[in-house]
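S.K.: Okay, predicted coordinates and the sequence, questions at the end:
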Amino acid sequence: MKASGGGTSSTIMALARVAVGIMFLFFAEYKLAGTQFAREGFTRWVSGWLQETSVGFYKPFLHWALQHPYISGYGTGIVELLIGLSMVVGFRVRIFSIIGALYMLNLTFATWNLPAGTPAWRYVGNELDHIPLLLLFLVFLAHDAGKTWGLDGART
């Protein structure tokens, strides 16, 4: 693996990319190591979002996902696994950064709404699980973060 000539910022970007990848591998392991998530967890999470927090235009997609819980549950785990592997080894980071950003946007749409009368600042505060990762994926995309300490650098 060849490092780009970006210096310290490229090294820190690579460390952040690998750390995000490891988090996504943990997320995927939870969903793929057993059948609990696909059998029950996925439906429980998505039903809650559908009833309480999803934005209106996103509800049809959530309804569709609930009609196919095994495909959607395992599909979620597989997407997280692929994102995690890409970030850890630095392979096709730009493509998987787009996928990661879309994945985080998906979670933002599913959890954005709060009960009526909630102060406006709480909407963004409620999304601190999703928005920072979405922004990191955009930074990885713009920085071409797979070129330092990653297989993307070996391909150039």
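M.R.: Happy to help now that I have it.
S.K.: from here on, contacts and neighbour counts on C-alpha atoms
M.R.: Will do.
S.K.: And for Tyr74, nearest residue in space, chain neighbours not counted?
M.R.: Leaving out its chain neighbours, the residue that sits closest to Tyr74 by CA to CA, 6 or more residues apart in numbering is Ala38, at 6.1 Å.
S.K.: got a list of what that neighbour touches?
M.R.: Contacts for Ala38 were tallied using CA atoms under 8 Å, 6 or more residues apart in numbering; they are Lys31, Pro69, Tyr70, Ser72, Gly73, Tyr74.
S.K.: mind listing which of those residues are in helices?
M.R.: For the contacts of Ala38, membership in helices holds for Lys31, Pro69, Tyr70, Ser72, Gly73, Tyr74, with DSSP state H as the criterion.
S.K.: Among those residues, which pair sits farthest apart?
M.R.: Maximum pairwise distance among these (CA to CA): 12.3 Å, between Lys31 and Pro69.
S.K.: Which of these two has more residues huddled nearby?
M.R.: The residue with the greater number of neighbours, taking Lys31 and Pro69 and applying other CA atoms under 10 Å, is Lys31; the counts read 23 against 19.
S.K.: Could you report the separation of the more buried one from Gly75?
M.R.: When distances are taken as CA to CA, to the nearest Å, Lys31 and Gly75 turn out to be 9 Å apart.
S.K.: Report how many residues lie close to Leu128.
M.R.: The tally of other residues near Leu128 (other CA under 10 Å) stands at 11.
S.K.: Which helix or strand contains it?
M.R.: Element membership of Leu128 [criterion: DSSP states H and E] is none; it lies in no helix or strand.
S.K.: Against His63, how distant is it?
M.R.: Between Leu128 and His63 the distance is 25 Å, computed by CA to CA.
S.K.: residues in contact with the nearest residue to Leu135 once chain neighbours are set aside?
M.R.: If you skip the residues right next to it in sequence, Leu135 has Ala101 as its closest partner in space, 7.4 Å away by CA to CA, 6+ apart. Remark: with contacts taken as CA under 8 Å, 6+ apart, Ala101 is in contact with Leu133, Leu134, Leu135, Phe137, Leu138.
S.K.: Just the pLDDT at Ala101, thanks.
M.R.: The predicted local confidence for Ala101 comes out at a pLDDT of 98.
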